[in-house]
Every structure is written in structure tokens, then in C-alpha cells.
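Q: 3D, please:
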Amino acid sequence: MNTKVTKAIFPVAGLGTRFLPATKSVPKEIMTLVDKPLIQYAIDEAREAGIKEFIFVTSRGKGALEDYFDHAPDLETSLRKKGKTDLLNILKTTNMDSGAIAYIRQHKALGLGHAVWCARRLIGNEPFAVILPDDVIAAEKPCLKQMVEAYEHTGGSMVAAMEVAPSQASSYGILDVKNYNGDVVSINGMVEKPAQEDAPSNLAVIGRYILSPHIFDNFDYIEAGAGGELQLTDAIAEEILQGRDVHGFRFKGQRFDCGSKAGFLQATVSFALAREELRDELYDYLTDMVSMKTAAQ
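A: Numbering: from 1, shown residues only. Modelled structure (predicted):
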């Protein structure tokens, strides 16, 4: 079995109903943080981690997402004629080489686990990454790259983990920790959305995974939940039951939940403040807004 991680699955079949009416015609994944779509942040992170093959699990109505990665000859020609090389270089980062990207349809919304399972034939007998574009992570070294470097020493499967407040445990899959070894955590299992008093730790799983191809076999052993959905968490837990290693990885960086409106807005502000050409004007505006609110109180 090849042990190098060069393939990544991007589950993007969701309808994005929390962002209606915008997502009536625009896939959530190409909604922009500042001037770059969510999916571009995910692609850039994957590239930095050494990913060469990009597999998108889509559904009906995602044509705009597929078009985003195509070359735009007319636009490129126009920019070239006008000497706008900076914009041309930005545009080139959105292009994908022929054969580097594949699209698989998930015909029924049967859960994250089912979405990953749909791509099994394109993965073959190789470890692979899963990136959830809703989770945008600002980090000096991209999160998946951190994980790939740690994975080279651990093998097995690995999930990204971050500390959460006990009151938030019921919103996440929580790791049952066996022992800590720096940023790498050996685990006994995972508990999906436990009550605060039942949470085995304060480490929550977020949307970055490196998985063994054995994971696809595990779907034969797990039961579908409500609505017939197959959970990726259950398939990973089955890895542990089968005696194979699963680790948590405490990444360095700030994660934004862009699947929620509040998280999306927070990410927009944070990424804009990180941009030199936007920082001062936006900072002054936010300062004025806070001052006005304080004065009104």
C-alpha cells in the first residue's frame, strides 16, 4: 500500500440551506471570504500539503462549482491585453490541470460517511485526506500540511482536533483520549455530540482527516442512523474496534465554522484584517462601530 497522501476528497454535496436565499443559485462553497471562495481556501491548503488529485463529491445544482476550476480563456486574454499581470496570476491559481480533478455525484443526502464512501473507487488502496470546506483554518503552516508531517511518523488514521469549552461538547464529535504525545493524541474512541457531563475530553474533531483505505470496508459493519445517514465518525470508530491505530492531531491555527452565518462573518473580518491593503480602513470602521455601540449604552 502506498503510504504517501496525494489524494483528497472534498464533500460538497450539501445544499447550504442555512445561507438561503444566496444558495438558491450559488453553491455555498463558492461564497467568498473577502475575494476568495471557500473552496479555494480548501484547495490551497491541500496543495500545500502535497495533494495531487482532488476528488469532489457533488450533487445537482453544483455546476457553478465545477465551472470555477475551468480555464477562462476570454477573461485571461482580456487581462493579458490590458497588462493586468497581477490579476492574471491570481486567476491562474484557480485553474486545475486536466486530470487532476474528478467529480462524483452523491445522488442522495445520506451523510458525510456516505459522501466519502462514494469516492472509494477513485481512492483505491491508498491513504487519503478529507477536507470539509466549511471549516476554514487560518494557520502559519496549513493544517493539513501539519497533519501530513505528523502522519509520516504515525501511519494509521488521523483526525484534526481542537479544544472546545465543555458547554460546546454537544456540538462536536469528542475524542476519548488514551494518552498524549505532544500534538499527537492516541485515542480509545470518539463520542458523537455527548452531553457536557458525559464528554470524555475537551478535544473536538473538526473537518480535516487522513484516513486509511480500510475505512471503506468499515461501512459494511456500521448501521445507518436517522434518515439512513452513514456517519464518518462511526466508520473511524470501527477502525479502533478492528485494532488499527487512530490518532487525534492538535493543530496550530484558528478554525472558523463557515457553515454558520456568524462563523462566516467572523472569518470574513479576520481574513480582511490580515490583508495589508484592507486592514487600516476596516480596523477604523470596526473601532468606530464599537465606539458608537458603547456610547449608545
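Q: Name the residues of stretch 206-219 that are buried.
A: For stretch 206-219, a neighbour-count test (16 or more other Cβ atoms under 10 Å) marks 206-216, 218-219 as buried. C-beta: built from backbone N, CA, C; applies to glycine.
Q: Now do the end-to-end distance for it.
A: Distance between the two ends of stretch 206-219: 21 Å, counting by Cα to Cα, to the nearest Å.
Q: Next, report how far that stretch is displaced from the centre of its chain.
A: Stretch 206-219 sits 14 Å away from the centroid of its parent chain (Cα atoms, centre = their mean, to the nearest Å).
Q: Show me the helices in the stretch 101-250 of the chain, by range?
A: For the stretch 101-250 of the chain, the helices defined by DSSP state H, counting those that start in this stretch cover 112-117, 120-123, 143-154, 215-218, 232-241.
Q: Other residues contacting the first one?
A: Residues external to helix 112-117 that are found in contact with it (Cβ atoms under 8 Å, 6 or more residues apart in numbering): 9, 11, 13, 57, 106, 108, 130, 132, 211, 215-216, 219, 222, 229-235.
Q: Okay, and which of the residues you listed map to strands?
A: With strands defined by DSSP state E, the entries of the contacts of helix 112-117 inside them are 9, 11, 57, 130, 211.
Q: Next, format the helices of the stretch 101-250 of the chain as a markdown table and append distance to residue 36 and mean pLDDT.
A: Formatted as a markdown table, those follow (distance: least, Cβ to Cβ, whole Å; pLDDT from 0 to 100):
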| stretch | distance to residue 36 | mean pLDDT |
| --- | --- | --- |
| helix 112-117 | 24 | 90 |
| helix 120-123 | 26 | 92 |
| helix 143-154 | 17 | 94 |
| helix 215-218 | 31 | 90 |
| helix 232-241 | 27 | 88 |
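Q: Out of the ones you listed, which gets nearest to residue 82?
A: helix 143-154 (35.5 Å; Cβ to Cβ).
Q: Return the list of helices and strands in contact with the closest one.
A: helix 38-48, strand 128-131, strand 157-163, strand 184-192, strand 203-211, strand 246-250 (3 or more Cβ pairs under 8 Å, 6 or more residues apart in numbering; DSSP states H and E).
Q: Comparing these by mean pLDDT, which bottoms out?
A: Mean pLDDT is lowest for strand 184-192 out of these, coming in at a mean of 87.
Q: Give me the buried positions along it.
A: By 16+ other Cβ under 10 Å, the buried positions in strand 184-192 come out as 184-187, 189-191.
Q: end-to-end on stretch 46-61?
A: One end of stretch 46-61 sits 24 Å from the other (Cα to Cα).
Q: Just the buried positions in it, please.
A: Residues of stretch 46-61 classed as buried: 46-47, 49, 51, 53-59 (neighbour count, 16+ other Cβ under 10 Å).
Q: residue closest to the middle of the protein?
A: Nearest to the mean C-alpha position of the chain, counting by Cα atoms, centre = their mean, stands residue 132 at 2.5 Å.
Q: List the contacts of that one.
A: Going by Cβ under 8 Å, 6+ apart, residue 132 touches 10-11, 112, 206-208.
Q: which regions of this structure lie under the pLDDT threshold?
A: Where the chain drops to pLDDT under 70, the residues are 1-2, 98-99, 226-227, 296-297.
Q: Longest helix of it, counting residues only.
A: The single longest helix within the chain, with elements called by DSSP state H, is helix 276-296.
Q: and the residue lying closest to residue 122 once chain neighbours are set aside, what element?
A: Spatial nearest neighbour of residue 122, excluding adjacent residues (Cβ to Cβ, 6 or more residues apart in numbering): residue 55 at 5.3 Å. Using DSSP states H and E, residue 55 falls within strand 53-58.
Q: angle of that strand against helix 38-48?
A: In terms of direction (axes from the mean of the first three to the mean of the last three Cα atoms, to 10 degrees), strand 53-58 departs from helix 38-48 by 150 degrees.
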